[in-house]
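**Q** Here's a sequence, model it:
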Amino acid sequence: MSDDRLDDFTAEDATHLGVTRRVYRKGSGPAVIVIAEMPGITPAVADFARRVADLGATAVMPSLFGTDGKDVYGGNPVGAAVSTVTTMARACISREFSILALGRSSPVTRWLRALAADEHERCGGPGVGAVGMCFTGGFALAMAADDRLLAPVLAQPSLPFAVTGRHRRSIDIGADDLAAVQARCAKGLQVMGLRFEGDLMSPAPRFHKLEELLGDAFIGIELPDATANPDSPLPKPHSTLTADLVDEPGQPTRVALDQVLDFLRRRLEITAPPT
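**A** Now for the predicted structure:
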């Protein structure tokens, strides 16, 4: 891939809780907040947002880190690694992200909830969806403490970093937010999660814990590593919806992607794509 100009999206600054960030939008219909993985809004993340827009939804991509539209992987693995590590290091020293803390929602999720509330008012529909990926995977869960969030998707949630057994069995959500999500699940909320079976960044004990916490409301999809894109720029299978997707009908990763899109469609009551 080459850099993505993102010129089929509209872009504007959005200010919530005193913080201003760039936000990209495409499509019409209920809003789905697409929260980019490390190292930011890559062409593959933007392509996922385009699929969301094709559903008949409004794909909303906030810029939280990295260089928007940059193809960090294209032909230069050393440069890609440096870019990713640099972006991650900046996030790690930011007070907006809970990297190692247990039982804490990343502070940036408050900003994302405010964005979701604003987009619900703007776009209408029964509520809002959110898809978090990797570093931001758990953000969609914390956002679901708000009743407006109807379709949370956790793609390879990777925080807190899995440095101990307790970290591997945890996800970045505070006790109050978790209690609110559990109460909503008891009333019908569903939460979808995806990971590759051998992914140590998004470890199996984390999904087991989500199953314990949310019961049947948690829809966990675990993909064999062998189903990942053999031409992925990543050293090991990780990015279920982007770099490691094999975009061919019948491929397990494509089936998982279609399940995510169908989940968004059903939960947000999208009946037909825009004409």
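
**Q** give the contact list for the closest residue to A31 other than its chain neighbours.
**A** In space, and not counting its chain neighbours, A31 is closest to E119: 3.7 Å by Cβ to Cβ, 6 or more residues apart in numbering. (C-beta placed from N, C-alpha, C; glycine too.) E119 is in contact with 31, 33, 58, 60, 128, counting by Cβ atoms under 8 Å, 6 or more residues apart in numbering.

**Q** Just the buried residues of those.
**A** 31, 33, 58, 60, 128 (16 or more other Cβ atoms under 10 Å).

**Q** What is the nearest of those residues to K209?
**A** I33 (23.8 Å; Cβ to Cβ).

**Q** what's across from that closest one in the sheet?
**A** Using DSSP bridges, the beta-bridge partners of I33 come out as V60, A130.

**Q** what about the residue nearest the centre of the chain, which helix or strand?
**A** Of all residues in the chain, the one closest to the mean position by Cα atoms, centre = their mean is G132, 1.3 Å from it. Using DSSP states H and E, G132 sits in strand 128-133.

**Q** Downstream of that strand, the next helix or strand is which one?
**A** helix 139-143.

**Q** Beyond that next one, next helix or strand please.
**A** Following helix 139-143 in sequence, per DSSP H and E, is strand 149-155.

**Q** Quick one: residues in contact with the helix or strand following that following strand.
**A** Proceeding N to C from strand 149-155, the next assigned helix or strand is helix 165-168, under DSSP H and E. Where contact means Cβ under 8 Å, 6+ apart, the residues beyond helix 165-168 that reach it are 100, 102, 160-162, 203, 205-206.

**Q** Run through the helices of the stretch 101-250 of the chain in chain order.
**A** With helices called from DSSP state H, counting those that start in this stretch, the stretch 101-250 of the chain shows them at 108-123, 139-143, 165-168, 175-186, 204-214.

**Q** Buried deepest among the ones you listed, which one?
**A** helix 139-143 (a mean of 29; mean count of other Cβ atoms under 10 Å).

**Q** chain center to it, what's the gap?
**A** 9 Å (Cα atoms, centre = their mean, to the nearest Å).

**Q** hmm, back to that, quick one: which of the contacts of helix 165-168 has the most company?
**A** Comparing the contacts of helix 165-168 on neighbour count, R206 comes out first with 27 neighbours (neighbours: other Cβ atoms under 10 Å).

**Q** Hmm, F161 and that residue touching each other?
**A** No. Assessed by Cβ atoms under 8 Å, R206 is found out of contact with F161, at 11.3 Å.

**Q** thinking again about what came up before, including distance to I221 and mean pLDDT, could the helices of the stretch 101-250 of the chain go into CSV?
**A** Putting the helices of the stretch 101-250 of the chain into CSV (distance: least, Cβ to Cβ, whole Å; pLDDT from 0 to 100) gives the following:
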stretch, distance to I221, mean pLDDT
helix 108-123, 23, 98
helix 139-143, 14, 98
helix 165-168, 19, 96
helix 175-186, 17, 98
helix 204-214, 9, 98
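
**Q** want to throw the ones you listed into JSON lines with distance to D244?
**A** Listed next are the helices of the stretch 101-250 of the chain as JSON lines, based on distance: least, Cβ to Cβ, whole Å:
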{"stretch": "helix 108-123", "distance to D244": "25"}
{"stretch": "helix 139-143", "distance to D244": "19"}
{"stretch": "helix 165-168", "distance to D244": "21"}
{"stretch": "helix 175-186", "distance to D244": "27"}
{"stretch": "helix 204-214", "distance to D244": "17"}
